[in-house]
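Visitor: after the sequence you'll find the predicted model.
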There are 2 protein chains.
Amino acid sequence: MKVDNFADRLCAAVLDKDSRVCVGLDPDLERLPKHLLEGNTEGEAVERFCCEIIDAAAEHCVAVKPQAAYFEMLREDASSVLWSVMRYAKQAGLLVILDAKRNDIGSTADAYAQAYLRDDAPVDAITVNPYLGSNGVIPFVKTAAAEARGLFVLTKTSNPSSGELQDLSLQDTDKLVYQQMADLVADWGHELVGAHGYSSVGAVVGATHPQELAELRERMSQTLLLVPGYGAQGATAEDVAAAFDDRGLGAIVNSSRGIIFAYQKRNLPPTEFAQAAQAATVEMKSQINSALEQNAS
Amino acid sequence: MKVDNFADRLCAAVLDKDSRVCVGLDPDLERLPKHLLEGNTEGEAVERFCCEIIDAAAEHCVAVKPQAAYFEMLREDASSVLWSVMRYAKQAGLLVILDAKRNDIGSTADAYAQAYLRDDAPVDAITVNPYLGSNGVIPFVKTAAAEARGLFVLTKTSNPSSGELQDLSLQDTDKLVYQQMADLVADWGHELVGAHGYSSVGAVVGATHPQELAELRERMSQTLLLVPGYGAQGATAEDVAAAFDDRGLGAIVNSSRGIIFAYQKRNLPPTEFAQAAQAATVEMKSQINSALEQNAS
């Protein structure tokens, strides 16, 4: 039994590095710099790409978020490459949030939790989809509690069609679906609140819905938020500022394509992808910190 | 572009084998016969277990449903073992339904679809979680259409807490959440209806809710149903009969633990796990067919 707490580790890293940035590792083969593929297998190219991004960004971000889908495109090589990259990120002192949106029931949900959140698995937290209700989430919460790990439950996602289900109004309670989910997430997390006041049971709330983000920050005051949608999906530092408390804690903001493929947007040669990613990480870190300072003053 | 249709392949297999059984491959390491682990890695034991089950059951079932979670417990070896098992099942003439409940948005959902439903991937259909709305499902539908593959969208799941979200009543429409989802699934599937009258965009509807199963059979009359919950989870052949039309088409019923670990329930030596699984598959096939005949008479 480990005695520390994922939410506390994350808050400590945020304060230590003065960074609220999570770098999303979405190694889309079609956008990888071509020189990485020369003489290498696709798996080797993906691994080298991710590890170079990690080296370049580690000082300026608190976490990486590998997106399982892009690793699974490697088919039978998927898990070996994913696990190597996650181990590398841990060795670089980063928190690893596996974006796998796993979900199942009972003993099967427990199998996922055991696979990723136990013993020496190089994963600090995993994203979880709550469509199945508490049978699908509690097994992750229990393992997180026993192993000092965390989870982020999809609550209000960043995509345009998230409202098709999440914004529907419920009878009786007069809540929207995502509000109902937020209340469940807060409940599931009560017993995992750490010394900084946040629970290791977090929520995914998209930056592309700034009003709902501010509302949910208030509604689930002890819930750590993982905020995707920054950069390529259109959200700005001002949009995400509402996710933080006045200590600058309570959330981390993810950018994937905006950082790892920054060389394309900045018209730099593909060989400079890592430097471009570093510059984009530093810039994002500063933009968010400035927005927080502005709100405070 | 392949011209055939997953739903038609499934219906043809049901008629050909007179079986509506899907065998769930949940190779939980703790329940594997111990002799398989002697002198083998865990991955080798899982692979041998699944392949022997496939050999024993192939004649009497139409599909296998590997549960990704149990393969992912093998950590870095997960994908190589999963892909070997799926290839083996295809060679045995079975349909492969990968129970991965994947979900993400836009290009990331597309990455999952490309990983599992394209070219020579040994997967006929994949299960998908719809919490993210159509952005999370349409990429799978498009790939399924282009590659003659299928998907099963979680609609009303078999677990006790499925109602926490799925049974909530919506304002305005007066529908329950799972009914709203059923209507979306039927919409997504309109263009993939095959010659037998069913769409390759199917739905997961648990056998443990017989009333909802009957209601959804009627509500989504062109949707293929994947019905879990038989056996170990408590549902009977009478419970699932309502999932079928009067040709005995429209659904397949999954049993996992009730078949693959039948040797335990039948108190047989672990070395006879495959024969026990075969007997359990034959029995389940007959039970369902008898229930359908009884309903018809």
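Guide: The structure has been received and is ready for your questions. The structure presented is a predicted model; accordingly, all values stated were derived computationally and were not measured. Numbers count the residues shown, from 1 in each chain, chains lettered A, B, ... in the order given.
Visitor: switch to C-alpha atoms for all contacts and neighbour counts from now on
Guide: Noted.
Visitor: report the angle between the helix or strand A:Val81 falls within and helix B:78-91.
Guide: Using DSSP states H and E, A:Val81 sits in helix A:78-91. Orientation check (axes from the mean of the first three to the mean of the last three Cα atoms, to 10 degrees): helix A:78-91 against helix B:78-91 gives 170 degrees.
Visitor: whichever helix or strand comes after helix A:78-91 vs strand B:95-102, what angle?
Guide: Per DSSP H and E, the first helix or strand lying C-terminal to helix A:78-91 is strand A:95-102. With the same axes, to 10 degrees defining the directions, strand A:95-102 sits at 130 degrees from strand B:95-102.
Visitor: what residues does strand A:95-102 touch?
Guide: A:10, A:62-69, A:86, A:89-90, A:109, A:112, A:122-129, A:154, B:101-104 (Cα atoms under 8 Å, 6 or more residues apart in numbering or on different chains).
Visitor: follow-up on the earlier one: average pLDDT for the helix holding A:Val81?
Guide: The pLDDT scores in helix A:78-91 average 98.
Visitor: what residues of it count as buried?
Guide: A:Ala78, A:Ser79, A:Ser80, A:Val81, A:Leu82, A:Trp83, A:Val85, A:Met86, A:Arg87, A:Tyr88, A:Ala89, A:Lys90 (16 or more other Cα atoms under 10 Å in any protein chain shown).
Visitor: within reach of chain B, which of those residues are there?
Guide: A:Ala78, A:Ser79, A:Ser80, A:Val81, A:Leu82, A:Trp83 (Cα under 8 Å from any Cα of the partner chain).
Visitor: and those residues, which is closest to A:Gln211?
Guide: A:Gln211 lies nearest to A:Leu82 out of those, by Cα to Cα, at 34.9 Å.
Visitor: what sits against that closest one?
Guide: Neighbouring residues of A:Leu82 by Cα under 8 Å, 6+ apart: A:Glu47, A:Pro66, A:Ala68, A:Phe71, B:Glu76.
Visitor: which of those fall in helices?
Guide: Counting by DSSP state H, the contacts of A:Leu82 place A:Glu47, A:Ala68, A:Phe71 in helices.
Visitor: by neighbours, which of those wins?
Guide: Neighbour counts for the ones in helices among the contacts of A:Leu82, by other Cα atoms under 10 Å in any protein chain shown, peak at A:Phe71, which reaches 28 neighbours.
Visitor: which ones are touching A:Glu72?
Guide: A:Ala78, A:Ser79, B:Ala111, B:Tyr112, B:Ala115.
Visitor: save the residues you listed as TSV, and put in distance to A:Gly231 too.
Guide: Listed next are the contacts of A:Glu72 as TSV, based on distance: Cα to Cα, whole Å:
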residue	distance to A:Gly231
A:Ala78	27
A:Ser79	28
B:Ala111	20
B:Tyr112	23
B:Ala115	26
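Visitor: among these, which two are most distant?
Guide: Of all pairs in these, the most separated under Cα to Cα is A:Ser79 and B:Ala111 at 15.2 Å.
Visitor: any idea of the pLDDT on A:Lys2?
Guide: 47.
Visitor: what segments of the stretch 1-150 of chain A are strands?
Guide: Applying DSSP state E, counting those that start in this stretch to the stretch 1-150 of chain A gives strands spanning A:21-25, A:63-66, A:95-102, A:125-128, A:150-156.
Visitor: can I get these in a markdown table with mean pLDDT and mean neighbour count?
Guide: Formatted as a markdown table, the strands of the stretch 1-150 of chain A follow (pLDDT from 0 to 100; neighbours: other Cα atoms under 10 Å in any protein chain shown):
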| stretch | mean pLDDT | mean neighbour count |
| --- | --- | --- |
| strand A:21-25 | 98 | 27 |
| strand A:63-66 | 98 | 27 |
| strand A:95-102 | 98 | 24 |
| strand A:125-128 | 98 | 26 |
| strand A:150-156 | 97 | 28 |
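Visitor: flag every residue of the stretch 1-150 of chain A that's near chain B.
Guide: Residues of the stretch 1-150 of chain A lying near chain B (Cα under 8 Å from any Cα): A:69-70, A:72-83, A:101-105, A:108-109, A:111-112, A:114-116, A:129-135.
Visitor: what about stretch A:246-263, near chain B?
Guide: No: against chain B, stretch A:246-263 shows no contacts by Cα under 8 Å from any Cα, the least distance being 11.1 Å.
Visitor: span of that stretch from start to end?
Guide: 34 Å (Cα to Cα, to the nearest Å).
Visitor: identify each buried residue in that stretch, please.
Guide: A:248-263.
Visitor: now do the contacts for A:Pro228.
Guide: Here A:Pro228 is in contact with A:Ser158, A:Val204, A:Val205, A:Gly206, A:Ala207, A:Val253, A:Asn254, A:Ser255 (criterion: Cα under 8 Å, 6+ apart).
Visitor: what number of residues lie near the closest residue to the fifth one other than its chain neighbours?
Guide: Spatial nearest neighbour of A:Ala207, excluding adjacent residues (Cα to Cα, 6 or more residues apart in numbering or on different chains): A:Gly229 at 5.1 Å. The local packing count at A:Gly229 equals 23, with neighbours defined by other Cα under 10 Å.
Visitor: repeat that for the one 4 residues further on.
Guide: Using other Cα under 10 Å, A:Gln233 has 17 neighbouring residues.
Visitor: repeat that for A:Leu10.
Guide: A:Leu10, neighbours per other Cα under 10 Å, totals 26.
Visitor: can you check the one 5 residues further on too?
Guide: Taking other Cα under 10 Å as the criterion, the count of residues near A:Leu15 is 14.
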